[in-house]
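Q: structural data only, the sequence is not supplied:
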C-alpha cells in the first residue's frame, strides 16, 4: 500500500514553502510522481527518507496522518525509552507508535530502535512485573500494541523492489513470543529485503515447507523458549537440511539458544542482538538474488 501526499501537505508538515519543496522534488531530493492529470504526488516513504537523510524535523506529523510528536530535540535514547515504558504501562497505543516513528525519522536505524529502545523497555516491563508493580494483562497488552506498531512501520519504510532478496522467519513450536520475529522483519525490511513473517509457535516441519514453497534467500529463527531441547534439536536438523537443499542461509537468535544448545546446531550466523543481524545480512546483500538463480551462501557450524 502506497500513501501519496500532496505538495501542500508535505510542505506544511516539514515547515517549508511549497516552492522549496517542489525544487527539492525537481532535484530528486524527495521522490515524487505524477497522476494521470499531471498533478504531483509524494509517497510518504520518500518524505521519511528525506527527513532521515537531512536531519530536518517533522513539524506537523498529523498532516501526514501520523501521531503528533512527543520526544523532540536531541537523540536521547534514555528519554525515549522512559517515555516508551510509560506508554506501555498505560496501554497508550498512539504514543507507542509515535515514539517508534520519531526515533526512526530522527535517524535511528531499525536495529538501534530494537536493540536500544524496544528491547530494554520490554525488559523493564518484566522487571516491574517481577517486583509486583505490573499486572500480567498490562505486559500482554503492551506486547500486542508493539506488534501493531511494528506492522504499521511498513507504511513508513520504502517498499522493497520485486527483485529484492526474500527473508522469512518465525518462532518454533513451544515459543509464543512473536515480538522478536517482528523486530527481525522490521530490521530486514529497512535494509531493502522483502520479508514474510510466518508467525510464532510453528512446528519446524512447516517452516521447512515454507522454504520449499517460497524459496527465500534467508531464514531467521527466533528462539526464546524451548520446552523440549532434544525434540527441538532433532527437528532443527531436518530444517537445516531442507534449507541446505535450496541454499538458504539461516540466522538464529534468542535467549533459549544457550551455548550448549548451539553446540548441537548448524547455522549461518547466531545473532545475540539485531545489530548482528544487520551486519550479517549486509554481507549477503551484494550477492543475494532469488534462490533459483544464485549460488548457496556458506552455511557454517556454530
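A: Okay, I see it. Quick caveat: nothing in here was measured; it's all calculated off a predicted structure.

Q: and residue 50, what's its pLDDT?
A: Per-residue confidence (pLDDT) for residue 50: 88.

Q: so residue 224 touches residue 256, yeah?
A: Yes: when contacts are counted by CB atoms under 8 Å, residue 224 is listed as touching residue 256 (5.6 Å). C-betas here are computed from N, CA, C, even on glycine.

Q: okay, and the common contacts of those two?
A: Shared contacts of residue 224 and residue 256, defined by CB atoms under 8 Å, 6 or more residues apart in numbering, comprise residue 175.

Q: what's the spacing between the residue nearest to residue 218 when sequence neighbours are not counted and residue 255?
A: Spatial nearest neighbour of residue 218, excluding adjacent residues (CB to CB, 6 or more residues apart in numbering): residue 167 at 4.1 Å. Applying CB to CB, to the nearest Å, the value for residue 167 to residue 255 is 21 Å.

Q: residue 142 too?
A: Noted for residue 142: a distance of 19 Å to residue 255, by CB to CB.

Q: of these two, who's got more company?
A: Between residue 142 and residue 255, counted using other CB atoms under 10 Å, the more crowded position is residue 142 (25 against 13).

Q: is it true that that one lies in a strand?
A: No: according to DSSP: H, G, I helix; E, B strand; the rest coil, residue 142 belongs to no strand; its state is helix.

Q: how about the nearest residue to it, chain neighbours excluded?
A: That would be residue 88: by CB to CB, 6+ apart, it lies 3.7 Å from residue 142.

Q: what is the mean pLDDT for whatever helix or strand the one you found lives in?
A: Using DSSP states H and E, residue 88 falls within helix 77-90. Helix 77-90 carries an average pLDDT of 89.

Q: can you check stretch 261-280 too?
A: Averaging pLDDT along stretch 261-280 yields 96.

Q: touching, residue 60 and residue 12? I think so.
A: Yes: counting by CB under 8 Å, residue 60 does reach residue 12; the two are 5.8 Å apart.

Q: can you list the low-confidence ranges for this structure?
A: Along the chain, the model assigns pLDDT under 70 to residues 1-2, 67-76, 286-302.

Q: what are the structural domain limits within it?
A: Using automatic domain parsing, the domain parsing of the chain gives 4-61, 77-155, 166-301.

Q: need the helices for the stretch 151-300 of the chain, in chain order.
A: Ranges of helices in the stretch 151-300 of the chain, per DSSP state H, counting those that start in this stretch, are 179-190, 204-214, 229-245, 259-262, 274-285.

Q: how big is the angle separating the second one from helix 229-245?
A: The directions of helix 204-214 and helix 229-245 differ by 10 degrees, with axes from the mean of the first three to the mean of the last three CA atoms, to 10 degrees as the criterion.

Q: helices or strands up against helix 204-214?
A: Counting contacts by 3 or more CB pairs under 8 Å, 6 or more residues apart in numbering; DSSP states H and E, helix 204-214 is packed against strand 166-172, strand 194-202, strand 218-222, helix 229-245.

Q: for that helix, which positions count as buried?
A: Buried residues in helix 204-214, counting neighbours by 16 or more other CB atoms under 10 Å, are found at 204, 207, 208, 210, 211, 214.

Q: adding distance to residue 110, write those residues out as JSON lines.
A: Shown next, in JSON lines, are the buried residues of helix 204-214 (distance: CB to CB, whole Å):
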{"residue": "204", "distance to residue 110": "26"}
{"residue": "207", "distance to residue 110": "23"}
{"residue": "208", "distance to residue 110": "28"}
{"residue": "210", "distance to residue 110": "23"}
{"residue": "211", "distance to residue 110": "24"}
{"residue": "214", "distance to residue 110": "22"}
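
Q: nearest to residue 260 among these?
A: residue 204 (19.0 Å; CB to CB).

Q: would you agree the closest one is in contact with residue 234?
A: No: counting by CB under 8 Å, residue 204 stays clear of residue 234, with 9.3 Å between them.

Q: before we move on, back to that, okay, the helices and strands packed on helix 204-214, which one's buried deepest?
A: Most buried of these, by mean neighbour count (mean count of other CB atoms under 10 Å): strand 218-222, with a mean of 27.

Q: for the residue nearest to residue 141 when sequence neighbours are not counted, grab the count of nearby residues.
A: Among residues not flanking residue 141 along the chain, residue 91 sits closest, at 5.0 Å (CB to CB, 6+ apart). By the measure other CB under 10 Å, the count of residues near residue 91 is 14.
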